[in-house]
Every structure is written in C-alpha cells, then in structure tokens.
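Chemist: Just need the structure, nothing else, for what follows:
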Amino acid sequence: MTLSLHRPFAALAALVATALLLGACASSPDKPTPSALVDYKEQLSVSRLWSAQIGPVSSPLTSIVGRSIGPGQCQWFGERAEC
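Modeler: The predicted structure is shown next:
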C-alpha cells in the first residue's frame, strides 16, 4: 500500500518544486532595461511588384508530413517517393 502513495506524492512534490522555482525566477526586482531605438532613415524605396489571392477556403487546410530516409528519398504514408 505504501508503494501506491509514493507516485502521487512524488508527482505533487515535483509540481510544487517547479512552481516555486519558476516563481523565484520571475520575482527578481532587477529587470533589464531595453536599449533606446536608433534613428532609422530609409535607404531604398519599396514598391509592390505583384500580388495573388486564392479566394475563400471552404474546407480546412491540411499538410502532409513525410520523413527523409536517404539522399533524395522520402517516405510518405509508408510508400517511398522522390523528394
């Protein structure tokens, strides 16, 4: 029965220790002061060259993630493919 009480106590002790450590780090009165901003003068003029719009998206966008298994080789859903 004592073995079953050790895990929750250890987890609670670790949580309390972490909270105390983070609280001690955040309570420091000496905060660094930010540097003053420098005067910035533009050196180049910028203009828009092109723009594109895809319109409204009706379904959620998803991404496909694969992994590299060698030079120029990837694996997508268990199938080998060229990268």
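Chemist: pLDDT score for residue 35?
Modeler: For residue 35, the pLDDT comes out at 90.
Chemist: what about it, how many neighbours?
Modeler: 6 (other Cβ atoms under 10 Å). Using the backbone N, CA and C atoms, a C-beta is placed for each residue, glycine as well.
Chemist: ok, now residue 49?
Modeler: Residue 49, neighbours per other Cβ under 10 Å, totals 5.
Chemist: now do residue 51
Modeler: Neighbours of residue 51 (other Cβ under 10 Å): 5.
Chemist: With residue 37 instead?
Modeler: By other Cβ under 10 Å, the residues close to residue 37 number 6.
Chemist: What is the three-state secondary structure of it?
Modeler: Using DSSP: H, G, I helix; E, B strand; the rest coil, the structure places residue 37 in coil.
Chemist: Look up phi and psi at it.
Modeler: phi -70, psi 140 (degrees, to the nearest 10).
Chemist: Pass me the low-pLDDT residue ranges in this protein, would you?
Modeler: When residues are selected by pLDDT under 70, those of the chain lie in 1-6, 25-28, 61-83.
Chemist: can you give me the strands in it?
Modeler: 67-70, 73-76, 79-82 (DSSP state E).
Chemist: for this structure, what spans make up the helices?
Modeler: Along the chain, counting by DSSP state H, helices occupy 2-26.
Chemist: Can you get me the start-to-end distance on stretch 45-52?
Modeler: One end of stretch 45-52 to the other measures 22 Å (Cα to Cα, to the nearest Å).
Chemist: Tell me, how many residues neighbour residue 10?
Modeler: By other Cβ under 10 Å, the residues close to residue 10 number 10.
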